[in-house]
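Novice: Please find the sequence and the predicted model below.
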Amino acid sequence: MSTPTTERAETGLLIIGASQAGVQLAVSLRGTGFDEHITLLGEEDHRPYQRPALSKEFLQDKVDKENLIFRSQEYWDEHDIELVKGARIERIEKNAPGGDADGSPDGSGVAIATDGTRYPFRRLALAVGARARRLQIEGAELDGVVYLRSADDALDLKARLGDVQDAVVVGGGFIGLEAACSLHGMGKNVAVMEYGPRLVGRAVGEDTSEYFLQAHRGRGIDIRLGARMKRFVEGTGERAGKVAGVELEDGTVVDAQLVLVGIGVVPNTELAEQMGLAVDNGIVVDRHAVASDGTTVAVGDVANMPNPLPGAPEGERIRLESVNNAIEHAKIAAYSLTGRQEEYAGIPWFWSNQADLKLQIAGLTLGYDSTVVRRDDAKGKFSVLYYREGQVIAADCVNAPLDFMAVRNALGKGQNIPAEAAADPAAPLKSLVVDRHVQEVSA
Amino acid sequence: MPTIHYTDAAGSTIDINANVGDSVMETAVRNGVPGIVAECGGSLSCATCHVFVREDEVDQLPEMSEMEDEMLYGTTEDRRDNSRLSCQIKVTEGMDLHVTTPETQV
Ligand SMILES: Cc1cc2nc3c(=O)[nH]c(=O)nc-3n(C[C@H](O)[C@H](O)[C@H](O)COP(=O)(O)OP(=O)(O)OC[C@H]3O[C@@H](n4cnc5c(N)ncnc54)[C@H](O)[C@@H]3O)c2cc1C
Ligand code: FES
C-alpha cells in the first residue's frame, strides 16, 4: 500500500536545515524586508536549538533543553515563518529553465521528503550542516559506542551515564575534550584516545595544544597521544552486545562502558550532489553564499566558501564549523536573496569551554609563520598570538578575554599588534594596537 | 510575572513577561527583541549581549564576575558604569528591570 502524496502550498523560500544557519537566515530575511512566506524545515523532531551546550552545560545538567531553544513559537508565527519538524528531504527537482524572461532557471522547484510530501518552492536554501564522522573499527556497532552531534545524541548519552564508571573519548578535538571534561567533572574515569601527535591539531597551534594537554592531564584525564586502537571489546554475560573496553594495538585494554567518538564531521552534501551543484569538501559557494547554479544559497557548516578573513590570499577557500560563521554567513545569504550583493568578510571567532578553561579564538591561523606566547600562571591566563609576515592574524586565548577582545577588535579594524611588544604579558594588548599604515611609515 | 523593559538606541521600548531563572538575554532573544545578538548563547564568550541597566537599578543586581567585567572591555559600543552582559543577569521573582540596548553589538 502506498501512502497518498501530499503537496504543500508553494513557499517563497524553502530552507532545508533548521539549525544555527537556517534559523539565522529566516530571522535575517525578516530583518531585511523579505516578505514572502518562509518554510524552515528540518529532519530533527525538536524545535530548533543551539548545539554548543550539548557537550558542555547540557551534558552536565547545568541547563535544560528549554534554554537551548532559539525562538519561541510565537516568534515564528508572528513572522510568517512556518516550522516543519521531523521531515527529511531526500530529493530536489529544480524547475526547467525558461520560466524567466531571459530563459535562465529562476531557482524554483520542489523538494520531496522521505514520506512523499512535496514542498514546492520559489527559492531554495541549503542549511543542512554536517554529521558526525563514523569510525570504522571492529566493534564500532556495539551498544555504548556513541556520537555527539544532535540533541537526540545528547539525550541518549545522558540516559546511559548512570551505568558508566569508565568512559573512553575517541578524538582529542574540541567536542571530544569538552565532553571528556564534562564526563570527568561528573565523576567518571575518562581516557582520551587521540590518533595524532597533539590535541586539537586541526584548530590550534602547538603551544595551545601543549597547554591543554598539561591542564587536562593535571586534572586526572588520561590522555593518550598517537593512540592506535585495534578494536572495541564486547562485554560478556549481562554485558554481551555492549562495549566493555578499547583494545590498543599493543594489546592493552582500557575499560569503558561508554565510548564517545568525536573525530570530526562530514558535510551533508548529498542533496547538492543530486542537484548537480559543485561540491568539494562542502557545497561550493561564492562570496555571496550562492551555489554554482546561481540561485540556490548554501550556508553554515555545509558551505565551502572563499576565506572571509580580510587580506586572505585570493582563491583561498575554507569550510568553517562554528556558530559565528553560521550566523554571519546566513546574513550574507539573506542579502543575496533580497537582491543586495554583500560580500562575506569578517573575523571568524570561536569558543570552547573545557572545565575551568575558557578558550576564545579570534581570526584564522591559516598560513601563520610565527607566534608569541603570553602566559601568566599566577592568574591562570594564557594566550598565543599568530603572525603572518609580521601581521597578527589570530589568537588563542585561555581565560584571557581582554587579549581575545583586543585581537578581535584589532583584526576587525585592520590594525596590528607588533610581536615584540606583545611578548610582555604585563602589557595590555589593547594599548599596543597600531594602525597598519602608521607601522609601515615608521618602519 | 517578572517584566523586563527593553529600550533600543532609538528610544522605543518593548516589555516582555519573563520566566524566573531565564536570563535577560534569553528572554530577549527568544521573543525576537532586536538589539541583543548573543552569538554564544549565554556562554560568556561573545560580549554581543551588552545592555545598559537603568542607573537606579544597577545596585539591585548581583555583582558581576571578573570574567564578565573583562569581557565588557571588548564590547562594540564602549562600556559605561551601568553596562552588563545580559546573559549573566538572571530573572528573579518580582523583577521589574529596565535595560537599554546599544546602537550596535558587532
Ligand atoms: C556538541 C557540539 C558542540 C559545539 N560547540 C561549539 C562551540 O562551542 N562554539 C562554536 O562556535 N561552535 C560549536 N559547535 C558547532 C556549531 O554547533 C555548528 O557550527 C553549527 O551548528 C552549524 O550550524 P548549521 O546550521 O550550519 O548546521 P547544523 O547545526 O549541522 O544543522 C543542520 C540541520 O540540517 C538538518 N538536515 C540535514 N540534512 C537534512 C535533510 N536532507 N532534510 C532535512 N533536514 C536536514 C540536520 O538535521 C540539522 O538539524 C558545536 C557543535 C556540536 C555538535
Ligand atoms: S551571550 Fe555571549 S556573552 Fe552573553
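Specialist: Sure thing, it's come through. Residues are numbered from 1 along each chain as shown, chains lettered A, B, ... in the order given. Ligands and ions are numbered 1, 2, ... in the order given.

Novice: domain assignment for chain A?
Specialist: Here chain A is described, according to automatic domain parsing, as comprising the domains A:11-131+A:266-337, A:134-263, A:356-438.

Novice: got any ranges where chain B has weak pLDDT?
Specialist: Counting by pLDDT under 70, chain B has no low-confidence residues at all.

Novice: right, and the domains of chain A - which one's nearest B:Ile14?
Specialist: Taking Cβ to Cβ as the criterion, domain A:11-131+A:266-337 is the member of the domains of chain A that comes nearest to B:Ile14, at 12.5 Å. For glycine as for every other residue, the C-beta is placed from the backbone atoms N, C-alpha and C.

Novice: Go ahead and name everything in contact with the helix or strand harbouring A:Ala395.
Specialist: Take DSSP states H and E as the rule and A:Ala395 turns out to sit in strand A:391-398. Counting contacts by Cβ atoms under 8 Å, 6 or more residues apart in numbering or on different chains, the residues outside strand A:391-398 that touch it are A:204-205, A:208, A:211, A:309, A:311, A:357-368, A:381-387, A:403-404, A:407-408, A:410-411, A:416-417, A:419, A:422, A:436.

Novice: Do I have it right that A:Ala240 meets A:Asp143?
Specialist: No. Judged on Cβ atoms under 8 Å, A:Ala240 makes no contact with A:Asp143 at a distance of 9.6 Å.

Novice: Which strands border the strand holding A:Ala395, and is each parallel or antiparallel?
Specialist: Here strand A:391-398 has these sheet partners by DSSP bridges: strand A:357-363 (antiparallel), strand A:381-388 (antiparallel).

Novice: Tell me the first helix or strand C-terminal of that strand.
Specialist: Toward the C-terminal end, the helix or strand that comes next after strand A:391-398 (DSSP H and E) is helix A:401-412.

Novice: Which single residue of the stretch 151-300 of chain A ends up nearest chain B?
Specialist: Of the stretch 151-300 of chain A, the residue with the smallest distance to chain B, taken as Cβ to the nearest Cβ, is A:Glu178 at 11.3 Å.

Novice: Not counting residues beside it along the chain, what's closest to that residue?
Specialist: Closest residue to A:Glu178 in three dimensions, ignoring its sequence neighbours and counting by Cβ to Cβ, 6 or more residues apart in numbering or on different chains: A:Ser55, at 4.0 Å.

Novice: gap between the one you found and B:Asp78?
Specialist: Computed with Cβ to Cβ, to the nearest Å, the distance linking A:Ser55 and B:Asp78 is 34 Å.

Novice: which ones are touching A:Ile327?
Specialist: A:Ile327 is in contact with A:Gln20, A:Ala21, A:Gln24, B:Glu39, counting by Cβ under 8 Å, 6+ apart.

Novice: Give me the neighbour count for B:Val58.
Specialist: Using other Cβ atoms under 10 Å in any protein chain shown as the criterion, B:Val58 is surrounded by 13 other residues.

Novice: from memory it sits against B:Asn82, does it?
Specialist: Yes. The pair B:Val58 and B:Asn82 passes the contact test of Cβ under 8 Å, sitting 5.1 Å apart.

Novice: and the stretch 301-443 of chain A, which of its residues are near ligand 1?
Specialist: If contact is defined as Cβ under 6 Å from any ligand atom, the residues of the stretch 301-443 of chain A in contact with ligand 1 are A:Asp301, A:Val302, A:Glu321, A:Ser322, A:Val323, A:Asn324, A:Ala326, A:Phe350, A:Trp351, A:Ser352.

Novice: Nearest spatial neighbour of whichever residue of chain A sits closest to chain B, chain-adjacent residues omitted?
Specialist: Of all residues in chain A, A:Met405 sits closest to chain B, with a separation of 2.4 Å (Cβ to the nearest Cβ). The shortest distance from A:Met405 to any residue other than its chain neighbours is 2.4 Å, reached at B:Gly74 (Cβ to Cβ, 6+ apart).
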